[in-house]
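A.B. asks: how would this look folded up:
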Amino acid sequence: MVHNTPLAYHFSDKHLWFDIAVLAALFVVAAYIPLLKIVPLVASLELFSFFSFHLLAKRSRFQLQGFLGGFISSTAVFLQTLNDNKYVSTSERDLLSTLLFALCAMLLECLFIIFYLSDELSFVYYLPFITQLIVFSIAIIYVNICSKFRTLNSHAVDSAVDIELLNDHPIIWKNVAKLSFLIFVIIAAMNFIGSELGLSRGIGTFVVSFFEAHAILASLMTEWHFQSPDIDLIKLFFIILLGNTVSKSYLAIRGSNLRQKWFFVAVMLLGFLASIGVTYIWSRVIH
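C.D. replies: Numbering: from 1, shown residues only. Next up is the predicted model:
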């Protein structure tokens, strides 16, 4: 990854301060119109990715690109790295680490969404995401120290190509508008599914979570803010994680670049089952 301009240049140019000023104004507006909280949330994630891109990317490898790309779209990272021919010579270690880093970024994003869009939720609501984050972090360490992932393919090399998600601009407002609109559409679709089609909120959540877990989570938290008595959050959190587990496992199995498909699927299943077990123990025994 190459920065088009150094970070110091951005601080001396008005575009960064304009974006920050607009973001601050959006937070003020959202304080009076809670439904619009999703817009500054998405913009904040864009700004965080920009600073991470500058502060970390020059010293990073392929895996860190996956982490930064995961904040934008973990599904896009999976589709690129698993199917694009330019990643075919990437080592198995780098591919697995990149996928797991993208998932870690998605989980951190989910934790931020819950924190920002909820008034006060107990620790148990964060625990499913934290548990998966720990499992995937352990898996990353294992992949990078285990010799079989380094020697699996004698033609594999450390990737010198970039993931095509990162952009050298503080906040891309077109992306903010697109994702915010998508989340509002999901909210409307979930209401339509429940009221017109008669399907449960759980089924709708499960289907949508195949595509982007953080988008359905943001829409769910926004809806919960207005209809909290009618929504079982912890149950829907597990449905979102289940949908993400199924979709990412499917992409890994169908992807042509990854050889250790079943190792990755096993890690995904372990992360999901661990999140259930740890949350149950915490809520029933410890708490």
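
A.B. asks: Please make it C-alpha for all contacts and neighbour counts, starting now.
C.D. replies: Will do.

A.B. asks: Please enumerate the helices of the stretch 151-287 of the chain.
C.D. replies: 173-195, 201-208, 213-227, 233-254, 261-281 (DSSP state H, counting those that start in this stretch).

A.B. asks: what's around residue 184, how many residues?
C.D. replies: Close neighbours of residue 184, defined as other C-alpha atoms under 10 Å, add up to 21.

A.B. asks: Let me know the pLDDT of the nearest residue to it once chain neighbours are set aside.
C.D. replies: Leaving aside its sequence neighbours, residue 184 sits nearest to residue 219 (C-alpha to C-alpha, 6 or more residues apart in numbering; 6.8 Å). pLDDT for residue 219: 81.

A.B. asks: Please determine how far residue 219 is located from residue 240.
C.D. replies: Distance, residue 219 to residue 240, by C-alpha to C-alpha, to the nearest Å: 12 Å.

A.B. asks: what does residue 263 give?
C.D. replies: Taking C-alpha to C-alpha, one finds residue 263 at 22 Å from residue 240.

A.B. asks: Name the helix or strand of this protein that has the lowest mean pLDDT.
C.D. replies: helix 147-151 (a mean of 62; mean pLDDT, DSSP states H and E).

A.B. asks: Comparing residue 263 and residue 240, which shows the higher neighbour count?
C.D. replies: Ranked by neighbour count (other C-alpha under 10 Å), residue 263 and residue 240 place residue 240 first, with 24 against 11.

A.B. asks: need the contact list for that one.
C.D. replies: 205-206, 209, 213, 216-217 (C-alpha atoms under 8 Å, 6 or more residues apart in numbering).

A.B. asks: what bits of this structure have low per-residue confidence?
C.D. replies: Across the chain, the ranges flagged by pLDDT under 70 are 1-11, 34-35, 52-54, 56-61, 147-168, 187, 190-200, 227-230, 287.

A.B. asks: Could you list every helix and strand in contact with the lengthiest helix in it?
C.D. replies: With secondary structure taken from DSSP state H, the chain has its longest helix at helix 92-117. Helix 92-117 sits against helix 38-56, helix 62-83, helix 127-145, helix 147-151, helix 213-227, with contacts defined as 3 or more C-alpha pairs under 8 Å, 6 or more residues apart in numbering; DSSP states H and E.

A.B. asks: can you give me how far it is from the chain middle?
C.D. replies: Relative to its chain's centre, helix 92-117 lies at 5 Å (C-alpha atoms, centre = their mean, to the nearest Å).

A.B. asks: May I see the buried residues of it?
C.D. replies: 92-114, 117 (16 or more other C-alpha atoms under 10 Å).

A.B. asks: Could you give me the buried positions within stretch 264-279?
C.D. replies: Counting neighbours by 16+ other C-alpha under 10 Å, stretch 264-279 gives 264-265, 267-276, 278-279 as buried.

A.B. asks: same question, stretch 32-46
C.D. replies: Quick answer for stretch 32-46 (16+ other C-alpha under 10 Å): 35-46.

A.B. asks: so which of those residues would you say is closest to residue 138?
C.D. replies: For the buried residues of stretch 32-46, the residue nearest residue 138 by C-alpha to C-alpha is residue 45; the value is 24.9 Å.

A.B. asks: For the closest one, which non-adjacent residue is closest in space?
C.D. replies: The shortest distance from residue 45 to any non-neighbouring residue, by C-alpha to C-alpha, 6+ apart, is to residue 71 (7.2 Å).

A.B. asks: give the contact list for that neighbour.
C.D. replies: 45, 49, 102, 105-106, 109.

A.B. asks: any chance of the helices of the stretch 151-287 of the chain in TSV, plus distance to residue 138?
C.D. replies: Shown next, in TSV, are those (distance: least, C-alpha to C-alpha, whole Å):
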stretch	distance to residue 138
helix 173-195	31
helix 201-208	27
helix 213-227	22
helix 233-254	17
helix 261-281	10
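
A.B. asks: which of those helices sits most buried?
C.D. replies: helix 213-227 (a mean of 22; mean count of other C-alpha atoms under 10 Å).

A.B. asks: And that helix, what does it pack against?
C.D. replies: helix 92-117, helix 173-195, helix 233-254.

A.B. asks: Can you lay out these as JSON lines showing distance to residue 77?
C.D. replies: What follows is the helices and strands packed on helix 213-227, written out as JSON lines (distance: least, C-alpha to C-alpha, whole Å):
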{"stretch": "helix 92-117", "distance to residue 77": "7"}
{"stretch": "helix 173-195", "distance to residue 77": "16"}
{"stretch": "helix 233-254", "distance to residue 77": "11"}
